[in-house]
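Engineer: Quick one, structure for this:
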Amino acid sequence: MPQWQQRAVYKMDIVMDVVNNQFTGHQTISYTNNSPDTLNRVFYHLFFNAFQPGSMMDERSRTIIDPDKRVGDRISLMTENEIGYQIINSMTIDGVDCDYTTEGTILEVDLPKAILPGQSVLLEMTHEAQIPLQIRRSGRDNAEGIRYTMTQWYPKLCEYDFQGWHPTPYIGREFYGVWGDFDVTIMIDPEYILGGTGVLQNAREIGYGYNGSKKGKKVKKGKRKWHFKAEEVHDFAWAADPDYDHIIGQTDQDVEFHYLFQNGPKTEENWNKLHSAIEVALPYMNKRFGKYPYPIYSVIQGGDGGMEYPMCTMITGERSFGSLVGVTIHELFHSWYQMVLGTNEGLYPWMDEGFTSFGTTEVMNYLKEKGIIEGEPQKDPHLNGIRSFTGFAISGLEEPLSTHADHYQTNAAYSVGSYSKGSVFLKQIEYIIGKTSFDRGMLRYYDEWKFKHPTPDDFIRIMEKESGIVLDWFKYYFINSTKSMDYSIDTLAGLDGKTKVILRRLGEFPMPIDLYLKTNDGAEVIYNVPLRVMRGEKPSEDDVNVYVIKEDWPWTHNMYELILDYPIEDIDILQIDRSERMADLNLDNNIFPRQNDID
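Structural biologist: This next block holds a predicted model:
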């Protein structure tokens, strides 16, 4: 993938009308075309336009087989003062008027002069908006009484990359944006407390969050100005409520955590001790997956569940402590796999949600080990997720990971693919190349591809470099198909004091095999059978003393024969993939003797 990235430096001035739930705005973007292409048009996202009866989001939410219960037909029932809209009043490039058209949630702008490769221009607009009743992610007056969740709220420049423009209509799925800096000023009534992306520039001026204060200074009239700046991000989000309490937590990782929530019987205890979990989790996350690069992170009560944004998250807050920690860790982990790496979530949602789920599983297990949250830590906490995925695969509803996020036939297939299968993807790579190479690869991937919008090919190449194993075959099978893994110990037979074993591939997905042997006297051996297309093999990663690499298995052959240097009567256990990491659909035929043979 080319290394160039477009650049957008935003300056936004917003004036809120909290009586009518509307705002006006003036926006400038200093836009640098670092691509080799000449641009004659630009596109913006107008997300609030989705919250109108008859919109693409409305139609999709009402007609999909398994609608999101948070949405359903709610958009179709919105009244005039409940809908969202964004109206562009003027648009210029370097002071020259542009022609523009609004098509649903996308603004199409025809430029009077082209933006040449390497050129920087000033895009300027005035706009107005109405904030919708909170239905999905953004909006006003959510179910827990939070006044404003301001996410996907401003005219946002679409990304242009090596694949061209990405003016994707908003129907409720994922996001993609241009790297840049934000300078945002928000004028709002004085009783409101704000938190969001970036660093508040005038905190001392308004008396917010200093000297242990949980509330800002009282202002008798007029509006209060909130001024935020954020560098090297691809979005900006904020929330506002008159009743927010504000807690600041310090860490030894040079990151300041801000917690904004409505204090009450359902929140007070858990939100006040949430930082104790973050203090333990963040050092582990930094060491295991790469260092969080921003100076602050804000956890903000709002929205309709949990949703990630640069330097902050919006989460519903009336939860048990374990649930509150879990959603916070998950949304914080998006800082790695979406806010820093910035994959195209429309094309590769699993590279964000799946990788984030993988990391969350490990951190939550670590917090159990440390006694921070309740629950028994597992030797491998991913195994339940693998079994959950294989159960869905058997259902026949699975769709390829190459499916665009907006175009899955069911919400279930999207969720399982993006979250569960995306996490299983990593576990299969670990099984193929070994944990040591995999762990190095995860750190290298983050370090080499941060702020560069990586693709699946970029991730695969990192893992190939770390392991010396070719993985293109795995990418094609796992991402572009729904072919399944299913291996079996087919037959065992005595052979001159040794044992002949026939392994059979029942599924269409070829994989290398770790065959575990335990003898009656306790000796243990692992026979590693690489695939020929790997052009290499996994080194020993087990505590078993004897590790034997056998002849390659050609993927065209459904059966494989190997000879074990033990008589059949000495074999206690023979098992394919004792770690159970491989996403094999049927584990019952992976072991000898069969359970029913024992029974």
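Engineer: who's in contact with the residue lying closest to residue 554 once chain neighbours are set aside?
Structural biologist: Leaving aside its sequence neighbours, residue 554 sits nearest to residue 532 (C-beta to C-beta, 6 or more residues apart in numbering; 4.9 Å). Where C-beta positions appear, they are placed from N, C-alpha and C, glycine not excepted. With contact taken as C-beta atoms under 8 Å, 6 or more residues apart in numbering, residue 532 is in contact with 552-555.
Engineer: want to throw those into JSON lines with secondary structure, neighbour count and pLDDT?
Structural biologist: Output for the contacts of residue 532, formatted as JSON lines (DSSP: H, G, I helix; E, B strand; the rest coil; neighbours: other C-beta atoms under 10 Å; pLDDT from 0 to 100):
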{"residue": "552", "secondary structure": "coil", "neighbour count": "17", "pLDDT": "98"}
{"residue": "553", "secondary structure": "strand", "neighbour count": "22", "pLDDT": "98"}
{"residue": "554", "secondary structure": "coil", "neighbour count": "11", "pLDDT": "98"}
{"residue": "555", "secondary structure": "coil", "neighbour count": "17", "pLDDT": "97"}
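Engineer: for these, which one is nearest residue 234?
Structural biologist: residue 555 (39.7 Å; C-beta to C-beta).
Engineer: quick one: the residue nearest to residue 554 from residue 582, how far?
Structural biologist: Going from residue 532 to residue 582 by C-beta to C-beta, to the nearest Å gives 18 Å.
Engineer: same check, this time on residue 443
Structural biologist: Taking C-beta to C-beta, one finds residue 443 at 24 Å from residue 582.
Engineer: circling back: nearest to residue 141, out of the contacts of residue 532: which one, please.
Structural biologist: Lowest distance from residue 141 to the contacts of residue 532 (C-beta to C-beta) belongs to residue 555, with 56.4 Å.
Engineer: How about the closest one: what's its closest non-neighbour residue?
Structural biologist: residue 510 (4.0 Å).
Engineer: Residue 443 and residue 582 - which one has more neighbours?
Structural biologist: Set residue 443 next to residue 582 and count neighbours by other C-beta atoms under 10 Å: residue 582 wins out with 24 against 16.
Engineer: Regarding that one, what is its secondary structure?
Structural biologist: coil (DSSP: H, G, I helix; E, B strand; the rest coil).
Engineer: Touching, it and residue 431? I think so.
Structural biologist: Yes. Here residue 582 lies in contact with residue 431, judged by C-beta atoms under 8 Å, at a distance of 5.5 Å.
Engineer: hey, what's in contact with both of these two?
Structural biologist: residue 511.
Engineer: What is the neighbour count of residue 496?
Structural biologist: By other C-beta under 10 Å, neighbour count at residue 496 equals 7.
Engineer: how far away is it from residue 276?
Structural biologist: Taking C-beta to C-beta, one finds residue 496 at 64 Å from residue 276.
Engineer: Next: residue 223.
Structural biologist: Computed as C-beta to C-beta, the residue 223 to residue 276 distance reads 37 Å.
Engineer: I'd like to know how far residue 468 sits from residue 149.
Structural biologist: Distance from residue 468 to residue 149, by C-beta to C-beta: 47 Å.
Engineer: higher neighbour count, those two?
Structural biologist: residue 149 (27 against 13).
Engineer: Apart from its neighbours in sequence, what residue is nearest that one?
Structural biologist: Per C-beta to C-beta, 6+ apart, closest to residue 149 is residue 302, 3.8 Å.
Engineer: And the helices in the chain, which stretches?
Structural biologist: With DSSP state H as the criterion, the chain has helices at 56-63, 203-206, 268-272, 274-289, 321-334, 349-369, 383-395, 411-415, 422-433, 435-449, 456-467, 472-480, 595-598.
Engineer: Mean pLDDT lowest where, among these?
Structural biologist: Among those, helix 595-598 carries the lowest mean pLDDT, a mean of 56.
Engineer: Of all the helices of the chain, which one is nearest residue 232?
Structural biologist: Smallest distance to residue 232 across the helices of the chain (C-beta to C-beta): 14.2 Å, for helix 435-449.
Engineer: Show residues contacting that closest one.
Structural biologist: By C-beta under 8 Å, 6+ apart, helix 435-449 touches 288-290, 336, 340-341, 426, 429-430, 433, 454, 458-459, 462-463, 465-467, 539, 541.
Engineer: Just the buried ones among those residues, please.
Structural biologist: Among those, those buried by neighbour count (16 or more other C-beta atoms under 10 Å) are 289-290, 336, 340-341, 426, 429-430, 433, 454, 458-459, 462-463, 466-467, 541.
Engineer: Return the set of buried residues in stretch 579-590.
Structural biologist: Of the residues in stretch 579-590, 579-585, 587, 589-590 count as buried by neighbour count, 16+ other C-beta under 10 Å.
Engineer: between those residues, which is closest to residue 351?
Structural biologist: Nearest member of the buried residues of stretch 579-590 to residue 351, counting by C-beta to C-beta, is residue 583, at 17.8 Å.
Engineer: Dump the helices of the chain into JSON lines; add distance to residue 312 as well.
Structural biologist: Below are the helices of the chain laid out as JSON lines (distance: least, C-beta to C-beta, whole Å):
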{"stretch": "helix 56-63", "distance to residue 312": "23"}
{"stretch": "helix 203-206", "distance to residue 312": "15"}
{"stretch": "helix 268-272", "distance to residue 312": "15"}
{"stretch": "helix 274-289", "distance to residue 312": "14"}
{"stretch": "helix 321-334", "distance to residue 312": "9"}
{"stretch": "helix 349-369", "distance to residue 312": "15"}
{"stretch": "helix 383-395", "distance to residue 312": "27"}
{"stretch": "helix 411-415", "distance to residue 312": "24"}
{"stretch": "helix 422-433", "distance to residue 312": "23"}
{"stretch": "helix 435-449", "distance to residue 312": "20"}
{"stretch": "helix 456-467", "distance to residue 312": "26"}
{"stretch": "helix 472-480", "distance to residue 312": "31"}
{"stretch": "helix 595-598", "distance to residue 312": "50"}
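Engineer: Out of the ones you listed, which gets nearest to residue 514?
Structural biologist: Across the helices of the chain, closest to residue 514 is helix 422-433 (C-beta to C-beta), at 7.9 Å.
Engineer: tell me how far that closest one is from the chain's mean position?
Structural biologist: 16 Å (C-alpha atoms, centre = their mean, to the nearest Å).
Engineer: do the same with stretch 383-401
Structural biologist: Between the centre of stretch 383-401 and the centre of its chain there are 19 Å (C-alpha atoms, centre = their mean).
Engineer: got it, and stretch 129-149?
Structural biologist: Centroid separation between stretch 129-149 and its chain, computed with C-alpha atoms, centre = their mean, is 23 Å.
Engineer: Would you indicate which residues of that stretch are buried?
Structural biologist: Neighbour counts over stretch 129-149 (16+ other C-beta under 10 Å) mark 129-142, 144, 146-149 as buried.
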